[in-house]
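Participant: Have a look; sequence and predicted model below, questions after that.
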Amino acid sequence: MTLTTPDNPDAHAHAHAHAHAAQAHGHAQARPDAESHTHPDANPPAHARTEIPGPSGLPVLGSMLDLRRDSLAAFLRAHREHGEVVRLQAGPPGLRSVFHAVFAPQGVQQILASEAANFRKDHPLYEEVRQSFGNGLLTSQDADYLRQRRLVQPLFTKRRVDGYAAAVATEAGIIAERWRTADDATVDLVSEMNRFALRTVARILFGTDVEAAVDVIHRCAPVISDYVVRRAYVPLKVPREWPTPGNRRAREATAEVTAVCDRIVAERRAAADTPTGRMVDPRTAGERSPSADDLLSLLADAGNEEDGSLDATEVREQVLIFLLAGHETTAISLAFTLHLLARHPEEQARVREEIDQVLADGPPTAADLDRLPRVTRALKEAMRLYPPAPVVSRRAVAATEIGGFRIPAGADVVVAPWVTHRSPELWADPERFDPDRFTPEREAGRHRYAWFPFGGGPRACIGQHFSMLESVLALATLLRSYELDAVDEEVPVSAGITLQATGPARVRLRPHPL
Ligand code: HEM
């Protein structure tokens, strides 16, 4: 897999220097990496076309209803009918919101990587996410972002991530055990994997004291996510303070998750003097065991520092962002991998054969990761068909050119793994589940941004290595214990902040002899 986020902590110093240089131009948002060249003053060449094609939609509402009803289908149709750069408009004249969608890998690379400094997280969707979930690593920009990323990066180096394998295997083992008592031997993968991923990220990043948070996040996160997405695309927003039922529901849900995060932080602070709760120096964090220097320790410690590297609100917001970003995405990729394998028994048998050959009696370890390429390929193919972050949004600072079209300054722009991953120009028979698309030979011939479930460039997912490890080990644990038959053939989806399964993905379980 091509991954863009460097594990090497040295990359920070390098990136930092770049970011400062970019800041001097007034647009730095990020930690540019080797891939990223900033063109903050980019002027599109005169020959760039200003008329961007796109659906005209309804005379008054434009594409609003299509986008509301099924934005993923609307994007696919826009690509099919209008090409690689499309202009969409929604809402009545005067209140119309206009945005651009870019589908070709070259354009995606420009937005996420090579012109990353010109494409900021100022898009209305990110503004709403920021207001609801706070200024954590996913949403912050500029100096705040650099500070936060430097602080948490040591938790995501390869060595640290390998150290999380035991906790992942334990949590996956708990799910496998739970399934032994499932009613009618049938489970819904969507809710099962949600629970697994939330418990796992909570355990790894926050220690073991988060049981209470699991239920609250489970219940409240979807309410807040729905609210955020609904607000992001309406031309005229009702102020958040008004006492409408929608505002009230979202406010109550936010208050609950905030209280839970505050409680987690407070409990850890109270335990700070005990040997297990000891705060540590983030500079030496990599040298210690995961339980003694998890995310919460790093954050709480930084929150204590006199130079104010993180204030109390930032600590809580970081906790919240990591709980959310760290579970829904992995959960959906796991659920769809298992469900696709349940729908493709021959592929499931090939994957299981590999697992049976590779795994010894005990739980899987990080060392098994490279020895399970078939499992990894099935996971990557599931993330192609069901990218957990189906759409990623930005706002252009300066005008630029993409694919021969002029993107104006201030334009809202989205890239959509959902569409690029299904483009017939890039993927033969794109709807077919075919894990062999991800053999090393076939991957080598592909554009870096033909497959980008983790985003790319300086703001690529910090959790990607962890998520891959977690998913492969969980798949190995579950598939070596159970054979799966699909009960639901199709699982309906919609685009929230992450991809949402809007129906169950049930499978029937048959114990697989060990
Ligand atoms: C299949 C699993 C996952 C997928 C598909 C995924 C996808 C993404 C994508 C597309 C982005 C970039 C968003 C943008 O450019 O606007 C991102 C960023 C991020 N993800 Fe993930 N993610 C996954 C798992 C995780 C996990 C397990 C964690 C935490 C433990 C995590 C934490 C984050 C954070 C904090 C960011 C912001 C990083 C930054 O801007 O520096 N993600 N993720």
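Facilitator: Looks like it came in fine. This structure is a prediction, so every number in the text was calculated from the model and none was measured. Numbers count the residues shown, from 1 in each chain.

Participant: Run through the residues of the protein sitting next to the ligand.
Facilitator: Where the chain comes near the ligand, counting by Cβ under 6 Å from any ligand atom, the residues are 137-138, 149, 201, 321-322, 325-326, 329-330, 333, 388-389, 392, 453-455, 459, 461-463, 466-467. The way it works is simple: take the backbone N, C-alpha and C, and place the C-beta from them, glycine included.

Participant: Pull out the buried residues from those residues.
Facilitator: 137-138, 149, 201, 321-322, 325-326, 329-330, 333, 388-389, 392, 453-455, 459, 461-463, 466-467 (16 or more other Cβ atoms under 10 Å).

Participant: For the ligand, see how far away Glu314 is.
Facilitator: Going from Glu314 to the ligand by Cβ to the nearest ligand atom, to the nearest Å gives 13 Å.

Participant: do the same with Val229
Facilitator: Counting by Cβ to the nearest ligand atom, the gap from Val229 to the ligand is 14 Å.

Participant: Any idea how many residues pack against that residue?
Facilitator: Using other Cβ atoms under 10 Å, Val229 is surrounded by 19 other residues.

Participant: Unless I'm misreading it, it sits right up against Ser494, doesn't it?
Facilitator: No - judged on Cβ atoms under 8 Å, Val229 makes no contact with Ser494 at a distance of 9.2 Å.

Participant: Show the contacting residues for the closest residue to the ligand within the stretch 151-300 of the chain.
Facilitator: Ranked by Cβ to the nearest ligand atom, the top residue of the stretch 151-300 of the chain for proximity to the ligand is Val201, at 5.3 Å. Val201 makes contacts with 322-323, 326-327, 330, as judged by Cβ atoms under 8 Å, 6 or more residues apart in numbering.

Participant: Check Leu67 too.
Facilitator: 74, 88, 90, 233.

Participant: ok, of the residues you listed, which one's closest to His421?
Facilitator: Nearest to His421 among those: Ala74, at 16.3 Å, using Cβ to Cβ.

Participant: which non-adjacent residue is nearest that closest one?
Facilitator: Spatial nearest neighbour of Ala74, excluding adjacent residues (Cβ to Cβ, 6 or more residues apart in numbering): Asp66 at 4.2 Å.

Participant: State the helix or strand in which that neighbour lies.
Facilitator: helix 64-82 (DSSP states H and E).

Participant: tell me which residues of that helix are tucked away?
Facilitator: Neighbour counts over helix 64-82 (16+ other Cβ under 10 Å) mark 64, 66-67, 70-72, 74-79, 82 as buried.

Participant: Output the contacting helices and strands for the following helix or strand past it.
Facilitator: Where DSSP H and E defines the elements, the next helix or strand beyond helix 64-82 is strand 85-90. On a contact count with 3 or more Cβ pairs under 8 Å, 6 or more residues apart in numbering; DSSP states H and E, strand 85-90 meets helix 64-82, strand 97-102.

Participant: what angle sits between the longest one and strand 97-102?
Facilitator: It refers to helix 64-82. 30 degrees (axes from the mean of the first three to the mean of the last three Cα atoms, to 10 degrees).

Participant: What's the mean pLDDT across helix 64-82?
Facilitator: Across helix 64-82, pLDDT averages out at 86.

Participant: Report how many residues lie close to Glu353.
Facilitator: 11.

Participant: Quick one: classify it as helix, strand or coil.
Facilitator: Judged by DSSP: H, G, I helix; E, B strand; the rest coil, the three-state class of Glu353 is helix.

Participant: Isn't Ser471 up against Leu334?
Facilitator: Yes - assessed by Cβ under 8 Å, Ser471 is found in contact with Leu334 at 5.4 Å.

Participant: Ramachandran angles for the residue of the chain found nearest the ligand?
Facilitator: Going by Cβ to the nearest ligand atom, the ligand is nearest to Gly463 of the chain, at 2.3 Å. Gly463 has phi and psi values of phi -100, psi 10 when expressed as degrees, to the nearest 10.

Participant: do you know how far the nearest residue to Pro511 once chain neighbours are set aside is from Ala78?
Facilitator: Spatial nearest neighbour of Pro511, excluding adjacent residues (Cβ to Cβ, 6+ apart): Tyr482 at 6.3 Å. If you measure Tyr482 against Ala78 using Cβ to Cβ, to the nearest Å, the figure is 40 Å.

Participant: With His100 instead?
Facilitator: From His100 to Ala78 the distance is 10 Å (Cβ to Cβ).

Participant: anything in contact with each of these two?
Facilitator: With Cβ under 8 Å, 6+ apart as the test, His100 and Ala78 both reach 86, 88.

Participant: Mind checking what helix or strand follows the host helix or strand of Leu299 in sequence?
Facilitator: Take DSSP H and E as the rule and Leu299 turns out to sit in helix 295-304. Remark: after helix 295-304, the chain's next helix or strand is helix 312-325, criterion DSSP H and E.

Participant: so what does whichever helix or strand comes after that next one touch, helix or strand wise?
Facilitator: Next helix or strand after helix 312-325 toward the C-terminus (DSSP H and E): helix 328-343. The elements that helix 328-343 packs onto, with contact taken as 3+ Cβ pairs under 8 Å, 6+ apart, are helix 189-206, helix 345-358, helix 373-385, helix 464-481, strand 482-486, strand 499-501, strand 506-511.

Participant: Tell me which of the ones you listed lies nearest to Gly246.
Facilitator: It's strand 499-501; of the helices and strands packed on helix 328-343, that one is closest to Gly246 (Cβ to Cβ) at 17.7 Å.

Participant: My guess is Arg480 contacts Asp356. True?
Facilitator: Yes - in this structure, Arg480 is within contact of Asp356 by Cβ under 8 Å, at 6.6 Å.

Participant: Settle it for me: which of the two has more neighbours?
Facilitator: Comparing Arg480 with Asp356 by other Cβ under 10 Å, the one with more neighbours is Arg480, at 18 against 14.

Participant: quick one: contacts for the residue nearest to Ala74?
Facilitator: 55, 57, 73-74, 77.

Participant: Would you check which pair of those lies furthest apart?
Facilitator: Every pair of those checked by Cβ to Cβ; the farthest is Gly57 and Ala73, at 13.6 Å.

Participant: on that earlier part again, got a list of what the residue of the chain closest to the ligand touches?
Facilitator: 156, 325-326, 329-330 are the contacts of Gly463 under Cβ under 8 Å, 6+ apart.

Participant: any idea which helix is longest in the chain?
Facilitator: With secondary structure taken from DSSP state H, the chain has its longest helix at helix 245-270.

Participant: Please work out the average pLDDT along that one.
Facilitator: 87.

Participant: Ok, stretch 483-492 next?
Facilitator: Averaged over stretch 483-492, pLDDT sits at 96.

Participant: Nothing else from me, thank you.
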